[in-house]
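>>> Just the structure for this:
(one chain, ligands or ions: 1)
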Amino acid sequence: MEYEKADDLRELAKKIVKKMNWNHIDLDNIGFLRSFGSSTRRTIARCHGLGKAMQIAMGRKGFYVIEVISEKFDRLNNEQKEKVLIHELMHIPKSFGGGFIHHNKVNEKTVNENYKKFKKEESLESFYEV
Ligand SMILES: [Zn+2]
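Down below sits the predicted model:
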């Protein structure tokens, strides 16, 4: 497995966080990675969190990593990519404490709702810019 920093994902996440007003998402404490050579068949992306024990031992606050599997993710169209990133960001709880919001709340339905909102905000903004 190989990893590469993914600044394009950071840029997209910045856009999403701003439009969605997700102020609990502390982008300075999230890493964005692209991985190559994963053997998982179904996974497109993953969200990793630094656990409580590690945080206390290291004397630092929460840190998350959003990883996309290049072979899967880079084949998607823009809409699908945006949805994947929205999905992964939705896993991060308000507390930013190292835990996760689970798939009972982060699922196709809620991701699509947020995606619609994201797109609406976007079109509204370009309207006001005219
Ligand atoms: Zn998920």
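>>> and after the helix or strand hosting Glu67, which helix or strand comes next?
Following DSSP states H and E, one finds Glu67 within strand 64-69. From strand 64-69 onward toward the C-terminus, using DSSP H and E, the following helix or strand is helix 70-73.
>>> Does anything pack onto that following helix? Which helices or strands?
Taking 3 or more C-beta pairs under 8 Å, 6 or more residues apart in numbering; DSSP states H and E as contact, the helices and strands that helix 70-73 lies on are strand 30-36. Heads up, the C-betas are built off the backbone N, CA and C, glycines and all.
>>> The strand it packs on pairs with which strands?
Each strand that strand 30-36 pairs with, and the sense of that pairing, follows from DSSP bridges: strand 2-5 (antiparallel), strand 64-69 (parallel).
>>> now the strand holding Glu67, how far from the centre of its chain.
The chain centre lies 7 Å from the centre of strand 64-69; the measure is C-alpha atoms, centre = their mean, to the nearest Å.
>>> how about that strand as CSV, C-alpha atoms only?
What follows is strand 64-69 as a C-alpha-only set of coordinates in CSV (Å, rounded to 0.1, in the frame of the first residue of the first chain):
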residue,chain,number,x,y,z
TYR,A,64,-8.6,12.6,11.3
VAL,A,65,-7.4,11.3,8.0
ILE,A,66,-9.6,11.0,5.0
GLU,A,67,-8.2,8.4,2.6
VAL,A,68,-9.5,7.7,-0.9
ILE,A,69,-8.6,4.5,-2.8
